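Q: whatever this is, show me its structure:
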Amino acid sequence: MILGIEGVSCVGKTTLAAQLAPHLHQPAVIPCYYHASPDPTLLPTPEPFTAEHQLANIAQFLDVEDLRLTRARQALAEGRDVILDRTVDTLLAHAHAVGRIHGFDCDDQARRLATSRPVAMPDLTIVLTADPDLLASRARLRKGMPTIFYDRHFSEHFNAYLAHPLAPAVALLDADCGSLDDLTARALDHVYRHQAAKHRPSPAPGPHSLKEAS
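A: Numbers count the residues shown, from 1 in each chain. Below is the predicted model:
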């Protein structure tokens, strides 16, 4: 399976991915766009002020997504699971949040752009949320972290987009609730239930059944 881990910066995505890895089948953990980029210094700034600028940024990040997709396909071909630290929905959530903050809306264009190219689409995405004040305190410890990434309004808009993502299945988890072991157990519960549902025999199609998009 391909498992996506989503959420704003400093919410604990990379930590959770590391916790989940031993419970999956030889998973390939594919890093976020910044760490997957051959040269992160060439990536665009996180706060564009126009829709055109934002769409150009997405196009640039989709080039990095091509690299991530290649790694995901290779792992799947080897019979391994895949864990994505951020998914293509990050790009659309960012566009939604920045647009709401700066007064533009390129959501539809961004969605068409992201769906015009092959991407590593997760079977299940786990979305982590946390209190914005806690995120801000963590972000202050990261040198050079852009302030928009832990802005309360940015987090609210980012998470609002993730209520209607491209990913076909999403589980929302509060990262503030319980210990890391508790969070890992809750995430694994969603993973195992998704895997069980995937292998459950499908009911016989009715006369007006709809075929689910792959």
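Q: tell me the helix or strand right after the helix of greatest length in the chain.
A: Among the segments of the chain that qualify as a helix by DSSP state H, the longest is helix 51-77. The helix or strand immediately downstream of helix 51-77 is strand 82-85, counting by DSSP states H and E.
Q: which residues touch Q109?
A: Contact partners of Q109, counting by CB atoms under 8 Å, 6 or more residues apart in numbering, are A51, L55. The C-beta positions use only the backbone N, C-alpha and C, and glycine is treated the same way.
Q: gap between it and S37?
A: Applying CB to CB, to the nearest Å, the value for Q109 to S37 is 23 Å.
Q: cool, P46 as well?
A: In this structure, P46 and S37 are 14 Å apart, going by CB to CB.
Q: please save the CA atoms from the helix-or-strand element of the chain with minimal mean pLDDT in CSV.
A: Ranking every helix and strand in the chain by mean pLDDT, DSSP states H and E puts helix 132-139 at the bottom, with a mean of 81. This file holds the C-alpha atoms of helix 132-139, laid out as CSV (Å, rounded to 0.1, in the frame of the first residue of the first chain):
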residue,chain,number,x,y,z
PRO,A,132,-1.2,26.1,16.7
ASP,A,133,0.6,27.5,19.8
LEU,A,134,2.4,24.2,20.2
LEU,A,135,3.4,24.2,16.6
ALA,A,136,4.7,27.7,16.9
SER,A,137,6.8,26.8,19.9
ARG,A,138,8.3,23.9,18.0
ALA,A,139,8.9,26.0,14.9
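Q: packing partners for it?
A: Of the remaining helices and strands, those touching helix 132-139 by 3 or more CB pairs under 8 Å, 6 or more residues apart in numbering; DSSP states H and E are helix 152-161.
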